[in-house]
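# Here is a sequence together with a model predicted from it:
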Amino acid sequence: MKHFTSANDSADPLVLARQTIALKNQKQNFEHLGRSKTLGLVFFNPSLRTRMSTTKAAYDLGLNVLVLNVNGDAWNIEFEDGTVMDGSSQEHVKDAIKVMTGYCDIIGVRTFAELKNREDDYTEPVLNAFLEYSEVPVISLESATLHPLQSLADITTILETDISNPKIAVSWAPHPKALPQAVTNSFLQWIKFIEAEVVVAHPKGYELHEEFTGGFELTNDQSYALDSADFVYVKNWSSYSKYGQRPPVSQNWTITSEKMAATNSGSFMHCLPIRRNVVAEDQVIDNSLIYKQAKNRETAAKTVLKNILEDINE
Ligand SMILES: NCCC[C@H](NC(=O)CCC(=O)O)C(=O)O
Ligand SMILES: NC(=O)OP(=O)(O)O
């Protein structure tokens with residue numbers, strides 16, 4: 001594997017999930033793979049899980065880790081080409097990436113959607129700048145439109161339960177802020193590789209790009225989606241059609257214990273961080289797979305880094 005920015009970067013995402021499960025139970029030491037090599041983690045946005053799980057995975061593989069929080073700790077980055085940089089940006093993204101990747105053997109980048117202009121976000125300007133200017137493999141730590149490390153951990157969590165051909169309800173839930181579509185887009189991209197019945201529920205106005213929903217059953221009826229579901233994968237996202245907006249929603253989409261009672265003893269899933277008692281009630285969150293998903297982020301990152309290191313070392 002050269003880069004890891006989407007399910008499409010893996011020859012077989014299901015194999016990657018199976019490798020993740022196998023790696024969890026493996027006692028073998030892989031520190032030789034990353035010895036004398038450096039992983040750079042560049043954050044344009046906040047992170048708890050991705051930062052810690054990827055760092056831990058890197059240490060397990062013998063890698064050194066350099067973390068840069070761009071906002072506040074680095075110079076202001078200019079993304080436009082040909083700009084006369086006489087304003088507040090001190091460094092061009094091209095120079096920053098070429099310099100940063102010079103210190104690293106693998107580089108990870110986190111960059112959220114700005115939710116102002118759909119075309120801008122969906123062309124992935126920051127991630128693509130890394131892919132263009134980096135001479136070392138690039139890992140997405142969540143980009144404007146996808147979050148592949150999260151999705152790998154999520155499908156691993158589902159496969160580990162050994163429920164064959166599960167019904168998976170993917171449900172929108174409320175949130176006080178406009179959020180990107182990345183986590184849900186990515187989950188739908190990866191879940192295609194599992195044998196499952198997937199139903200996606202959201203209020204009118206919250207339709208996702210058909211590249212991700214194509215082939216799945218779609219509904220505006222949350223109770224229909226949750227009925228007999230084995231997994232309830234929940235996430236808020238802002239509108240794709242009225243890009244970045246939050247069209248009014250008349251019904252209550254918060255996941256409650258009462259709603260979960262209509263599932264097939266279904267497991268609640270969420271990528272975290274989660275706004276308790278807005279997205280879902282405390283009781284739902286406290287009886288869910290969220291900590292397993294978060295723990296699986298560590299082995300998912302280790303699997304991806306291990307594959308990349310094996311390629312580099314070839
Ligand atoms: N990395 C996981 C999710 C990140 C982001 N959530 C957030 O920004 C939550 C912020 C808040 O709760 O205000 C998202 O939805 O894509
Ligand atoms: N789920 C996830 O990516 O969490 P962080 O944003 O805290 O990294």
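On my side now, so go ahead. If you're wondering where the values come from, they're calculated on a predicted model, not measured in any experiment. Residues are numbered from 1 along each chain as shown. Ligands and ions are numbered 1, 2, ... in the order given.
# Distance check, the residue in the chain positioned nearest to ligand 1 against ligand 2.
Nearest residue of the chain to ligand 1 (CB to the nearest ligand atom) works out as L179 at 3.7 Å. All C-beta atoms are positioned from the backbone trio N, CA, C, and that covers glycine. Using CB to the nearest ligand atom, to the nearest Å, L179 is found at 11 Å from ligand 2.
# likewise L16?
For L16, the distance to ligand 2 (CB to the nearest ligand atom) stands at 17 Å.
# What is the neighbour count of that residue?
Number of residues near L16 (other CB atoms under 10 Å) recorded here: 24.
# Surely it and V304 touch.
Yes. Between L16 and V304 there is a contact at 7.4 Å, judged by CB atoms under 8 Å.
# Apart from its chain neighbours, what residue comes closest to the residue of the chain closest to ligand 1?
Nearest in space to L179, with sequence neighbours left out and distances taken as CB to CB, 6 or more residues apart in numbering, is N236 at 5.1 Å.
# and if you look at N220?
N220 sits nearest to K204 (CB to CB, 6+ apart), 5.5 Å away.
# isn't the residue nearest to L179 right up against H175?
Yes. With contact defined as CB under 8 Å, N236 and H175 form a contacting pair (3.5 Å).
# Show me which of the two is the more surrounded one.
Set N236 next to H175 and count neighbours by other CB under 10 Å: N236 wins out with 26 against 17.
# what's that one in contact with, if anything?
By CB atoms under 8 Å, 6 or more residues apart in numbering, the residues touching N236 are 172-175, 179, 279.
# Export these to TSV and append columns for pLDDT, distance to C104 and secondary structure.
Shown next, in TSV, are the contacts of N236 (pLDDT from 0 to 100; distance: CB to CB, whole Å; DSSP: H, G, I helix; E, B strand; the rest coil):
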residue	pLDDT	distance to C104	secondary structure
W172	99	37	strand
A173	98	37	coil
P174	98	39	coil
H175	98	34	coil
L179	98	30	coil
V279	98	35	coil
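# List the buried residues of stretch 31-48.
Residues 33-34, 37-44, 47 are the ones in stretch 31-48 that count as buried (16 or more other CB atoms under 10 Å).
# Among these, which lie within helices?
Among the buried residues of stretch 31-48, the members falling in helices (DSSP state H) are 33-34.
# Of the buried residues of stretch 31-48, which pair is most distant in space?
L33 and F44 (27.9 Å; CB to CB).
# got the contact list for the residue lying closest to S239 once chain neighbours are set aside?
The shortest distance from S239 to any non-neighbouring residue, by CB to CB, 6+ apart, is to Q245 (4.8 Å). Shown in contact with Q245 (CB under 8 Å, 6+ apart): 178, 238-239.
# Name only those of those residues that count as buried.
238-239.
# As JSON lines, the contacts of Q245 with secondary structure would be great.
Shown next, in JSON lines, are these (DSSP: H, G, I helix; E, B strand; the rest coil):
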{"residue": "A178", "secondary structure": "coil"}
{"residue": "S238", "secondary structure": "coil"}
{"residue": "S239", "secondary structure": "coil"}
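# Make sure the residue of the chain closest to ligand 1 is actually in contact with G244.
No. In this structure, L179 is not within contact of G244 by CB under 8 Å, at 9.4 Å.
# How many neighbouring residues does N25 have?
Neighbours around N25, by other CB under 10 Å: 7.
# Now the common contact residues for L179 and G244.
Residues touching both L179 and G244 (CB under 8 Å, 6+ apart) are S238.
# Quick check: N8 vs Y240, distance?
N8 sits 20 Å away from Y240 when distances are taken as CB to CB, to the nearest Å.
# repeat for I290
Using CB to CB, which is the criterion applied here, I290 is 25 Å from Y240.
# hey, C-alpha coordinates of the strand or helix carrying G72 in CSV?
With elements taken from DSSP states H and E, the one containing G72 is helix 70-73. Output of helix 70-73 as CSV, limited to C-alpha atoms (Å, rounded to 0.1, in the frame of the first residue of the first chain):
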residue,chain,number,x,y,z
VAL,A,70,-0.7,23.6,12.6
ASN,A,71,-3.1,26.1,14.0
GLY,A,72,-1.3,28.1,16.7
ASP,A,73,1.9,26.2,16.7
